[in-house]
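S.K.: got a structure for you, letters missing:
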DNA sequence: CTATTTTTTTCGAGCCTCGAATTAAAGAGG
DNA sequence: CCTCTTTAATTCGAGGCTCGAAAAAAATAG
């Protein structure tokens, strides 16, 4: 049902627009905001005055404003870094990291912990996340800033409500209720999100020239993940975080996948699959649990050096990815792709066979794609994506509502 | 960029909501509208008074209002059938049909024409559509009603702006600019849409209990099409009508598809593929151009009668569909499916192998699906979908804007 | 020191929604 | 037959919001 609009929704929406252009552009004068948004000068004046009163915005007067122009000089406005803090939590294989981030998006504290995710009991895993979060909340309190939002990025499948980790390769537990645990411990809104989705958000923010309305971030590591943005919106499944690209079928009755089924793209293109093929092991062998980066590096070097099972393994990986992307592009039309993660270091071995396979599919035959890009280090992107999502939430749900609306929000969530 | 909100957007939006609940529920009293929408009685009173003045709504006083209730009786409001008309055009293999539909969604005139779509020159094809449309516009004018919107449903791929038929199996021409041709001929907003997408819209309207937020309509006929609704929204490609399910890859380097590539789902599950396999023809044989319904019916009967190449052909069709759906469900999570079109008559032969194949994929392993449904006759659904889309456009873009806003709209499109 | 230019704020007009009060239109009951 | 009760719909004033015009503020130019 389409929602009705009330008079105060107008102000909420326009506050949101003002905050969002400032987040995108950094600092703008009131006149700039008029030009960018289309709002009238009087409205911008009223809204910014309110936001400054609420210490969400502040005037930034530095010496080098514009230089020698005639007339009253513009005064730049910017988001007030001290308006709030958010926390970005990232859990990956054997490692938990967290960052405290101010309202301007700057990291002001961070924590890193090693922990054996594969073997840790459920409670201890959850507790580790809660403990690390508690540390950062305390640090934030020390400098007098309130943490308004927590986003937890993790490899694996989350539910569509972003409450639980349904399944993950880094732990044997399923349906782990991280978000609720953190939320009840501290009373701060928290969601848990798929790591590839966070990477996609980060790319959209960092490089809007290339990664804006439609693009894919494909993670090449032990498994295969994907973050997909369509029409400027993160694409998610209907009941899960969705877009499990790695488990599209490549070869019916094919190689054994980590998920227990056969023939998935991942069963050819994941690190364990490349390793299995390179070592000449049978396709129905159970996937190795974890393979060191150095070992994969060595495999790639051998493949580069001479033709043999290693090169063939990478060829098959590229082929699987190519067919998978081809099928995907039949559904969504082609879009720019960036390959993320440690596996992207061997992209030179993968790209040729991948393009060849794609050309054999119906998807993407009409359109020319921009060249593929790679980014081997996924970790900073995941953190930035989490931070970006958390800040956007604060912008939209808390600060756009204003003092009166904030009470509405509390009632709603209660 | 998020759009700003003006004061009059509020009224536009709330008018839209009122119109839309009336379209969904048929007839409602003002009090009912308050309850359904959450608008206050005074606002509903003001909005409905305007809409009645503009002859978009009307009071329906029939004898059997509510029966014996105390107090002032409610007076039902309904959409005024004479507020406008729209035209639903449907082009399929060798046939062009068109219907004139009033604002209440009732067909008030229709035309049907046989024409050899495969051989007709480009101009004549376009002209046929224009001519049929002209006839209905004349009929509408005769009863004093203005045609406000035309939607053209057709099998094939359209562009994302819904202006052109990019490719279609029913003609050899590509990039046929139907929408612009009709729009310039009559000055009435026109779009061209994929037939399966229209089927999905019709299902969403007819059977919201089952087909509402997430579902698929898979068309089984000469080729394989799909209409996909996610989160209540029709899913479309980024540059085309998208969701070319039939051209997802099933078997690398597999059977020759009508699209020129190899191994597409359609190359196993389309009528021509089933026919090719049943007749024992090699997989690289060029697809037959068209196969009569009776011939497919006979094939299915043979397959039901005894095991043999016919039954095996249907088994492989089911297998291809199963793997395709499995891959799709990896991306979007499982959703109810309805199989549409002539091929659905043989669904009894397809379902078993299809389920078996799906179970071998990662998609849809966790969730139980409702039983599949079938609907062999696609034509009424396509027409209803087109009509529904056209009426929704009138509701939202024209009537919600009101007299003042309508001028805005003209300026915008100019 | 005054005129000019540009930015920002202030003020009134015109919408819109909402709640309260009012009017309208029926049945219930003596 | 007339009055009371009940429910539906309209009217009216209060309070928001955006906008354009006018005014105020803050700089440079001469």
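M.R.: Right, received. Where do you want to start? Since the model is a prediction, treat every value here as computed from it, not as a measurement. Residues are numbered from 1 along each chain as shown, chains lettered A, B, ... in the order given.

S.K.: so where's chain A uncertain?
M.R.: Within chain A, the ranges that satisfy pLDDT under 70 run A:1, A:63-68, A:364-367, A:403-414.

S.K.: mind giving me the domain split of it?
M.R.: Following automatic domain parsing, chain A resolves into domains at A:7-79, A:83-198+A:380-413, A:211-369.

S.K.: which parts of the stretch 1-150 of chain A are strands?
M.R.: Secondary structure of the stretch 1-150 of chain A (DSSP state E, counting those that start in this stretch): strands located at A:27-29, A:57-60, A:76-79, A:85-92, A:95-102, A:107-114, A:147-154.

S.K.: and of those strands, who's closest to DNA strand D?
M.R.: Between DNA strand D and the strands of the stretch 1-150 of chain A, the tightest spacing by CB to the nearest atom of the strand is seen for strand A:57-60, at 11.6 Å. From N, CA and C alone the C-beta is placed, and that goes for glycine too.

S.K.: name the residues of stretch A:7-26 that are buried.
M.R.: A:9-23 (16 or more other CB atoms under 10 Å in any protein chain shown).

S.K.: briefly note if stretch A:283-294 comes near chain B.
M.R.: No: counting by CB under 8 Å from any CB of the partner chain, chain B has no neighbours in stretch A:283-294; the shortest distance is 13.7 Å.

S.K.: and that stretch, what's buried?
M.R.: A:283, A:287-288, A:291.

S.K.: now do stretch A:200-211
M.R.: A:200-205, A:211.

S.K.: can you put the strands of the stretch 1-150 of chain A in TSV and add distance to DNA strand D and mean neighbour count?
M.R.: Shown next, in TSV, are the strands of the stretch 1-150 of chain A (distance: least, CB to the nearest atom of the strand, whole Å; neighbours: other CB atoms under 10 Å in any protein chain shown):
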stretch	distance to DNA strand D	mean neighbour count
strand A:27-29	13	19
strand A:57-60	12	17
strand A:76-79	13	20
strand A:85-92	26	26
strand A:95-102	27	22
strand A:107-114	32	14
strand A:147-154	22	26
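
S.K.: as TSV, those with distance to residue A:394 would be great.
M.R.: Formatted as TSV, those follow (distance: least, CB to CB, whole Å):
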stretch	distance to residue A:394
strand A:27-29	18
strand A:57-60	13
strand A:76-79	10
strand A:85-92	6
strand A:95-102	10
strand A:107-114	15
strand A:147-154	5
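
S.K.: indicate which one of those is closest to chain B.
M.R.: Proximity to chain B (CB to the nearest CB) singles out strand A:27-29 among these, at 13.4 Å.

S.K.: who are the packing partners of that closest one?
M.R.: With contacts taken as 3 or more CB pairs under 8 Å, 6 or more residues apart in numbering or on different chains; DSSP states H and E, strand A:27-29 sits against strand A:76-79.

S.K.: what's the local residue count around residue A:379?
M.R.: By other CB atoms under 10 Å in any protein chain shown, 15 other residues sit near residue A:379.

S.K.: how about it, what does it touch?
M.R.: Residues near residue A:379 by CB atoms under 8 Å, 6 or more residues apart in numbering or on different chains: A:90, A:92, A:97.

S.K.: nearest spatial neighbour of the second one, skipping sequence neighbours?
M.R.: With CB to CB, 6 or more residues apart in numbering or on different chains as the measure, residue A:155 is the residue that lies nearest to residue A:92, at 6.0 Å, once sequence neighbours are left out.

S.K.: would you mind measuring from the residue in the stretch 201-350 of chain A that DNA strand C sits nearest to to residue B:237?
M.R.: Residue of the stretch 201-350 of chain A nearest DNA strand C, by CB to the nearest atom of the strand: residue A:208 (25.2 Å). Going from residue A:208 to residue B:237 by CB to CB, to the nearest Å gives 21 Å.

S.K.: determine the set of other helices and strands touching the helix ranked longest in chain A.
M.R.: In chain A, taking DSSP state H as the definition, the longest helix is helix A:309-332. Where contact means 3+ CB pairs under 8 Å, 6+ apart, helix A:309-332 is packed against strand A:215-220, strand A:224-230, helix A:266-269, helix A:271-278, helix A:293-305, helix A:347-359, helix B:309-332.
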